[in-house]
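Trainee: quick one, structure for this:
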Amino acid sequence: MTIDSLAERPSHVAIEQTVDFDFFEPPGVERDFQASWRTLQEPGVPDVVWTPYNGGHWIATRGDLVQEVFSDYEKFSNRVVTIPKERGEHYRMLPTTLDPPEHRPVRSLLNRNLSPAAVNRQIEMIRSICIELIEEVKPRGRCDLLKDFAAHFPIRVFMHMVNLPREDAPKMKYWTDQVVHPDGSMTLEEVMQSFHDYLEPVVRERQGKGGEDVLSDIVNAEIKGRQLTMEEMLNLLMQFMMGGLDTVYNLLAYSFLFLARNPGHRQQLLDDPELIPGAVNELLRRFPLVSMAREVRNDIEWHGASLKKGDMIICASPLVGNDERLNPDPMNVDFRRKRGHHATFGMGQHICPGAHLARVEMRITLAEWLARIPHFDVAPDTDIVMRGGIVGSMDSLPLIWAA
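Mentor: So this is what the prediction gives:
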């Protein structure tokens, strides 16, 4: 997703702050997505750097600075949250692209449907879907975790929550991929229009009618004494869908790759399943995937860098969880780690509303998978290929076990 030519270094960017770093293709990303970002934390790299790729933008290289950008909406606006900026300005998802106070009433519609209490009411449904999918692959003795499990589990959960046909999931996953992992087959405008064309008839059909699903609740809700406009509803629903269709898919990939390669850690969970909640948090800390952008509101001097109004800055979650300034021995996975600092679901006003759902899905998957397939390995002669972008991903994850 890089542009054909590099941006010229602006006069306010010092040459020593300039790095050769492509957000979509970090150095060595094919072998280790998280380690590819850590090249920005090597000795001598400034805490704030600028890269000419993808229109030219800043990167906060240290975890505490990433957290500061996420939390300080008075300096860093959510108006544009992806790069290149020219493309990101077409990304109109709600409430992601709103700043407080406009953000709060729209966000509340998601909060009430994704709160711990609301998600916990769905646990048996989530568990049932998870078990069904595991039982399908168990007798085979092998599967591609991504294609045979992760591509179905969180999406089926999501489609159940919004009461949409399961068979529609693949095309929505494809549209989502064209936002977070664009391959050039669709423009962002085309993706947005595809979502709109699919959702608008559903929205109109459910307006003014009862319904306990999340979609029905959103389309019939009010904010500040008025109903949402059609445009607002569609953009809010698209954001909700994209979160439900991609992030957990990739979090499961990295977590299961680690467990397949590290039987000792897997045995810890088999010996003591009570470790699973803590293990999920540690896996989230060690294998963060999401990187979002913010727009600088006004000219500021910030941690040794001169940021100008309209500049873009990347907040990369891998630079938080794996920063040794925040987490001792960060590349080591310790399921008994007392406190693991991370921003895998963001921070501040825009922390992911689906964070609890993601954790529940991961906890259930680990518990139910290990109960049925306790020992598994990466299939021999497998080349695991990882990708960069808004959400780190991998092409496939073939696993084998004794059937």
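Trainee: quick one: low-confidence parts of the stretch 101-250 of the chain?
Mentor: When residues are selected by pLDDT under 70, those of the stretch 101-250 of the chain lie in 244.
Trainee: which residue ranges of the stretch 51-200 of the chain form strands?
Mentor: Assigned by DSSP state E, counting those that start in this stretch, the strands in the stretch 51-200 of the chain fall at 57-60, 76-77, 142-144.
Trainee: what is the mean pLDDT for the shortest one?
Mentor: Model confidence over strand 76-77, given as mean pLDDT, is 96.
Trainee: follow-up on the earlier one: closest to Arg337 out of the strands of the stretch 51-200 of the chain?
Mentor: Of all these, strand 57-60 sits nearest to Arg337, with 23.8 Å by C-beta to C-beta. Any C-beta I mention is one placed from the backbone N, CA and C, and that applies to glycine too.
Trainee: before we move on, back to that, quick one, which of the strands of the stretch 51-200 of the chain is nearest to Met292?
Mentor: Across the strands of the stretch 51-200 of the chain, closest to Met292 is strand 76-77 (C-beta to C-beta), at 10.5 Å.
Trainee: strand partners of that closest one, parallel vs antiparallel please.
Mentor: Next to strand 76-77 in the sheet, as set by DSSP bridges, lie strand 291-296 (antiparallel).
Trainee: beyond the strand it pairs with, next helix or strand please.
Mentor: Reading on from strand 291-296 to the C-terminus, the next helix or strand found by DSSP states H and E is strand 300-302.
Trainee: continuing past that next one, what's the next helix or strand?
Mentor: strand 305-307.
Trainee: name the element Leu326 belongs to?
Mentor: Counting by DSSP H and E, Leu326 is part of no helix or strand.
Trainee: and the pLDDT for it?
Mentor: With respect to pLDDT, Leu326 scores 96.
Trainee: how about the contacts made by it?
Mentor: Neighbouring residues of Leu326 by C-beta atoms under 8 Å, 6 or more residues apart in numbering: Gly63, Asp64, Val320, His341.
Trainee: scan those residues and report the most crowded one.
Mentor: Tallying neighbours with other C-beta atoms under 10 Å puts Val320 at the head of the contacts of Leu326, with 28 neighbours.
Trainee: quick check: it touching His342?
Mentor: Yes. Val320 lies in contact with His342 (C-beta atoms under 8 Å); the separation is 5.5 Å.
Trainee: from the contacts of Leu326, which is closest to Asn113?
Mentor: Out of those, the member with the shortest distance to Asn113 (by C-beta to C-beta) is Val320, at 27.0 Å.
Trainee: just name whatever secondary elements the one helix or strand that closest one maps to is in contact with.
Mentor: Here Val320, judged by DSSP H and E, is contained in helix 318-321. In terms of contacts (3 or more C-beta pairs under 8 Å, 6 or more residues apart in numbering; DSSP states H and E), helix 318-321 is packed against helix 33-38, helix 63-71, helix 276-286.
Trainee: out of these, which gets nearest to His12?
Mentor: Taking C-beta to C-beta, helix 63-71 is the member of the helices and strands packed on helix 318-321 nearest to His12, at 18.0 Å.
Trainee: what's the angle from the closest one to strand 291-296?
Mentor: Calculated by axes from the mean of the first three to the mean of the last three C-alpha atoms, to 10 degrees, helix 63-71 forms an angle of 70 degrees with strand 291-296.
Trainee: what's helix 63-71 in contact with?
Mentor: Here helix 63-71 makes contact (C-beta under 8 Å, 6+ apart) with 47-48, 60, 75-76, 294, 303, 313, 315-317, 319-321, 323, 325-326, 341, 343, 346-350.
Trainee: go through it and flag the buried ones.
Mentor: For helix 63-71, the neighbour count (16 or more other C-beta atoms under 10 Å) marks Gly63, Leu65, Val66, Gln67, Glu68, Val69, Phe70, Ser71 as buried.
Trainee: next, the buried residues of the lengthiest helix in the chain.
Mentor: As assigned by DSSP state H, the longest helix anywhere in the chain is helix 230-261. Applying a neighbour-count criterion of 16+ other C-beta under 10 Å, one finds 232-260 buried in helix 230-261.
Trainee: how about His160: what's its closest non-neighbour residue?
Mentor: Spatial nearest neighbour of His160, chain neighbours left out: Met125 (6.1 Å); criterion: C-beta to C-beta, 6 or more residues apart in numbering.
Trainee: same check on Asp213?
Mentor: Counting by C-beta to C-beta, 6+ apart, Asp213 lies nearest to Asn163, which is 3.8 Å off, once chain neighbours are set aside.
Trainee: I'd like to know the phi and psi angles of that neighbour, please.
Mentor: Note on Asn163: its backbone torsions stand at phi 60, psi 50 [degrees, to the nearest 10].
Trainee: that one contacts Gly211, doesn't it?
Mentor: Yes. Look at Asn163 against Gly211 with C-beta under 8 Å: they come within range, at 7.0 Å.
Trainee: hang on, the earlier thing: heading C-terminal from the longest helix of the chain, find the next helix or strand.
Mentor: helix 263-271.
Trainee: show the average pLDDT along that next one.
Mentor: Mean pLDDT, computed over helix 263-271, is 98.
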